[in-house]
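> turn this into a structure:
(2 chains)
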Amino acid sequence: MIIQGLTFYVFATIAVAAGVMVVSARNPVHSVLFLILTFFTTAALFILIGAEFLAMVLVVVYVGAVAVLFMFVVMMLDINFVEMREGFLQYMPIGVLVGIILLVELLMVLGTASMSPEVLATGTEPIPDLTQRQNTAAIGDVIYTKYIYLFQAAGMILLTAMVGAIVLTLRQRPGVRKQNIGKQVSRRREDSVELKKVQPGQGI
Amino acid sequence: MAEFWSIYMLPGIIILAQILAIVVPLLLCVAMLTYAERKIMAAMQLRMGPNVVGPFGLLQAFADGAKLFFKETILPTSSNKIIFLIAPMLTFFLSMVAWAVIPFDEGMVVSDINVGILYLFAISSLGVYGIVMAGWASNSKYPFLSALRSAAQMVSYEVSIGFVIITVLLCVGSLNVSDVVQAQADGVWFFIPLFPMFIIFFISALAETNRHPFDLPEAEAELVAGYQVEYSSMTFALFFLGEYANMILMSALTAILFLGGWLPPFDIAPFNWIPGPIWFFLKIAFLLFVFVWVRATLPRYRYDQLMRLGWKVFLPFSLFWVALTAGVLVAFDMVPNS
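Model (predicted):
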């Protein structure tokens, strides 16, 4: 148990420190890299509580896909760091407010759990023991039966967001030459090559 | 003290020995792979290939390694030093850690975790960071273009790789890598029923490892050498080792998912005398030969063609095949572990 405790504290410390660095790093690319570190250590914490499926999905989805695109965008931004610092005081009250709301919410969750432990027992779906059912299967058991509508709704919302983003950014420029593979493949010898008999000294 | 020794130190030493037993042969394989690539390409182009250092030029890779080792590591003045140095280490590190879950024979695996396939998928999807970080930290035009290309390319092909893996998992009913191989022991190897997926996976693996014909991130004709432009000496060597180790890893993954891992082709007398790791090695060697063969044969894809292939051909087809496989498994009542 000593090792588990030790690893927990190491990962938790790294996660919190990296989280602080995400907001305080001067360079936005460094911020994204620290964000990735945070995701990664959080995945490690998930593994420590035996939720290996969630840990791997966190790495695949957030680190492997979302953060890559995030970095892709941030890398291409041309940011003036001095200008970025200027608005700091102006935006600070909103930031502090959001922070306080999040803190209160977290405290409420922790508070209800510690003050009345029976609240935790009201979860309707019992979590099967790790020895009986692997947590990949356990998640599958509920997500495709009990929560199917919510799951599908989440998918639909993401699809709508994706379609919306494409509609907003798609622009049709006239005069751009594009490759039409079907047209290329269906080209025949007869309509592209012609054999002509050239008389000497005359040309075509 | 004795307890401390038996609980922590001894398992620690065993794990360390296991890691060394994988990493050292792996690095030797990488060295031999670079030699094999040059020899095969030479044979295909009617050249001699390396033939001076050692018998048949076998020690060429070690000579190259020694040369790189004694060169100076140059840090460009305008680069972001820390990230510039982390990038090659990350590439190398990621290509090594994935081997922790690869089974070489029944039970012959460092870490037999429940979600092995997902772990491999996660690690391979992280590979892009080495290149992106290198491209950005170099603070130079060509590496940056290379980083952008690489990020878009790897994210695109990961999607179809994910669907291919899902198809295989539907037929297996487990995320454990050893179970994937065991599932093929009773029936046929998955490359027969899932043949189109096998092809898609292999092509996506080429794209994922930035190999020909998808080596746009390091296209020497347009981007000099892409993200490697500013790297020299061991930093370059780490990229090189990582890239080739990744090729071996993707070949191993293909062998596990579709070619039955360590299993012999027929479970009868002369075939099952040969131990499992050798079969596994032969399968990986065959796939690596195809990697090199493709490189010697095909021209490079144009970037829009690459994107079209990933998003408009592979993605719809693999999605369709996932639905088809699931449908067939349910219709004929063949769902595993139900």
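> could you list the low-pLDDT ranges of chain B?
For chain B, the stretches with pLDDT under 70 are B:1, B:337-338.
> what does it have sitting close to chain A?
Residues of chain B found near chain A, taking C-beta under 8 Å from any C-beta of the partner chain as the criterion, are B:8, B:83, B:113-115, B:118-119, B:121-122, B:125-126, B:128-129, B:132-133, B:136, B:144, B:147-148, B:151-152, B:154-155, B:158, B:162, B:175, B:304-305, B:308. Yep, even glycine has a C-beta here, placed from its N, CA and C like the rest.
> buried members of those residues into PyMOL, please.
Applying 16 or more other C-beta atoms under 10 Å in any protein chain shown to the residues of chain B next to chain A leaves a buried subset, and the PyMOL line that selects it is:
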select buried, chain B and resi 83+113+114+115+118+119+121+122+125+126+128+129+132+133+136+144+147+148+151+152+154+155+158+162+175
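> OK, now which residue of chain A is nearest to chain B?
A:G64 (3.0 Å; C-beta to the nearest C-beta).
> for that residue, which residues are in contact?
Neighbour list for A:G64: B:F121, B:A122, B:S125, B:L126, B:V128, B:E158 [criterion: C-beta atoms under 8 Å, 6 or more residues apart in numbering or on different chains].
> work out for me the element residue 16 sits within.
Going with chain A. Assigned by DSSP states H and E, A:V16 falls within helix A:2-24.
> hmm, no, I was thinking of chain B.
Here B:L16, judged by DSSP H and E, is contained in helix B:10-44.
> what residues of that helix count as buried?
Buried residues in helix B:10-44, counted by 16+ other C-beta under 10 Å: B:22, B:26-27, B:29-31, B:33-40, B:42.
> hey, where'd the helices end up in chain B?
In chain B, the helices defined using DSSP state H lie at B:2-4, B:10-44, B:60-70, B:81-97, B:116-137, B:141-172, B:177-186, B:195-208, B:220-223, B:233-258, B:269-272, B:276-297, B:303-308, B:315-331.
> out of those helices, nearest to A:A138?
Shortest distance between A:A138 and the helices of chain B, using C-beta to C-beta, is found for helix B:116-137: 15.0 Å.
> what helix or strand is A:A154 located in?
Using DSSP H and E, A:A154 sits in helix A:148-169.
> can I get that helix in CSV? Just the C-alpha atoms.
What follows is helix A:148-169, C-alpha atoms only, in CSV (Å, rounded to 0.1, in the frame of the first residue of the first chain):
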residue,chain,number,x,y,z
ILE,A,148,-28.7,4.6,-24.3
TYR,A,149,-30.9,7.7,-25.0
LEU,A,150,-28.5,10.0,-23.1
PHE,A,151,-25.6,8.4,-24.9
GLN,A,152,-27.2,8.9,-28.3
ALA,A,153,-28.2,12.4,-27.5
ALA,A,154,-24.6,13.3,-26.6
GLY,A,155,-23.6,11.8,-29.9
MET,A,156,-26.2,13.9,-31.7
ILE,A,157,-25.1,17.1,-30.0
LEU,A,158,-21.5,16.5,-31.1
LEU,A,159,-22.6,15.7,-34.6
THR,A,160,-24.7,18.9,-34.7
ALA,A,161,-21.7,20.9,-33.5
MET,A,162,-19.5,19.3,-36.1
VAL,A,163,-21.9,20.1,-38.9
GLY,A,164,-22.3,23.6,-37.6
ALA,A,165,-18.5,24.1,-37.6
ILE,A,166,-18.2,22.9,-41.1
VAL,A,167,-21.1,25.1,-42.4
LEU,A,168,-19.5,28.1,-40.7
THR,A,169,-16.1,27.6,-42.2
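> pLDDT on the very next helix or strand once past it, on average?
Where DSSP H and E defines the elements, the next helix or strand beyond helix A:148-169 is helix A:181-185. For helix A:181-185, mean pLDDT rounds to 85.
> elements contacting helix A:181-185?
On a contact count with 3 or more C-beta pairs under 8 Å, 6 or more residues apart in numbering or on different chains; DSSP states H and E, helix A:181-185 meets no helix or strand.
> can you list the buried residues in it?
Across helix A:181-185, burial judged by 16+ other C-beta under 10 Å covers no residue at all.
> so is the residue positioned nearest the centre of chain A in a helix, a strand, or just coil?
Geometric centre of chain A, nearest residue: A:V66, 3.1 Å, by C-alpha atoms, centre = their mean. Under DSSP: H, G, I helix; E, B strand; the rest coil, A:V66 falls in the helix class.
> how far away is it from B:A98?
21 Å (C-beta to C-beta, to the nearest Å).
> which strands or helices does the helix holding B:L16 pack on?
helix B:60-70, helix B:233-258, helix B:276-297.
> what residue in chain B comes nearest to chain A?
B:S125 (3.0 Å).
> shouldn't that residue be in contact with A:V63?
Yes - counting by C-beta atoms under 8 Å, A:V63 is a contact partner of B:S125 at 7.5 Å.
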